[in-house]
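# Please work out how this folds:
(2 chains)
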Amino acid sequence: DTGVSQDPRHKITKRGQNVTFRCDPISEHNRLYWYRQTLGQGPEFLTYFQNEAQLEKSRLLSDRFSAERPKGSFSTLEIQRTEQGDSAMYLCASSPKGQGAYGYTFGSGTRLTVV
Amino acid sequence: AQKITQTQPGMFVQEKEAVTLDCTYDTSDQSYGLFWYKQPSSGEMIFLIYQGSYDEQNATEGRYSLNFQKARKSANLVISASQLGDSAMYFCAMREESFKTIFGAGTRLFVKA
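Numbering: from 1, shown residues only, chains lettered A, B, ... in the order given. This next block holds a predicted model:
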């Protein structure tokens, strides 16, 4: 068990370009979450999956954002036509099924800079 | 609407002393979970402690304890015997019945030697 992995760690892109981030959760965890964090703020919920099903999507997530989790394993988050306001840390987390005392296990995040 | 409020943007504590970080929450759910996470300057979020809404005892994990007052909707984190390595951002969070977790804005803790 190597924890939650996110790739890439850093991404610099020009405004208008598309970017895709990958998250590999802990293998036993069937829930996967995406958050966005800007400097000095708490993480903002974007979306989450239970297995391959996307169960909830934040109103913050415009049509330019899409997330997938094929086969219930890794997940990708794509941002189309990036804008400067998309610059942030994108965090992925996973947790086991159930309502128990399970905190999330977070990855190290992908820092996106849109220039 | 569900909400987490952390009113202390920054806190200072002397090494080896205890410190309380405040958190209040608002929810219409009957069943929910409350969490605290630590985010050091390295950036990775670390789960510290959990309190269920039906738990009658306050949660404890080593030097961390959660002072849960359900009627007041507060879930304060108490760190005993502060260490220099405790300097970090601390986030209070609430997991709703839908399993989504929302976070507060955080409190930055500075531990002085």
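# mind checking the end-to-end distance for stretch B:42-49?
20 Å (C-alpha to C-alpha, to the nearest Å).
# Tell me which residue lies nearest the centroid of chain A.
Chain A has A:Trp34 as the residue nearest its centroid, 3.1 Å off, counting by C-alpha atoms, centre = their mean.
# For chain B, which residues are neighbours of chain A?
Residues of chain B lying near chain A by C-beta under 8 Å from any C-beta of the partner chain: B:4, B:31, B:33, B:35, B:37, B:43-48, B:50, B:52, B:91, B:93, B:98-106. Glycine gets a C-beta too; all of them are placed from N, C-alpha and C.
# Next, count neighbours for whatever residue of chain B ends up closest to chain A.
Nearest residue of chain B to chain A, counting by C-beta to the nearest C-beta: B:Phe47, 2.8 Å away. B:Phe47: 19 surrounding residues under other C-beta atoms under 10 Å in any protein chain shown.
# The one 10 residues further on too?
By other C-beta under 10 Å, 7 other residues sit near B:Gln57.
# same thing with A:Thr38?
Neighbours of A:Thr38 (other C-beta under 10 Å): 12.
# How about B:Pro9?
So B:Pro9, with other C-beta under 10 Å, has 10 neighbours.
# can you check B:Ser65 too?
Neighbours around B:Ser65, by other C-beta under 10 Å: 19.
# Report the contact partners of it.
B:Ile49, B:Asn58, B:Ala59, B:Leu77, B:Val78, B:Ser80 (C-beta atoms under 8 Å, 6 or more residues apart in numbering or on different chains).
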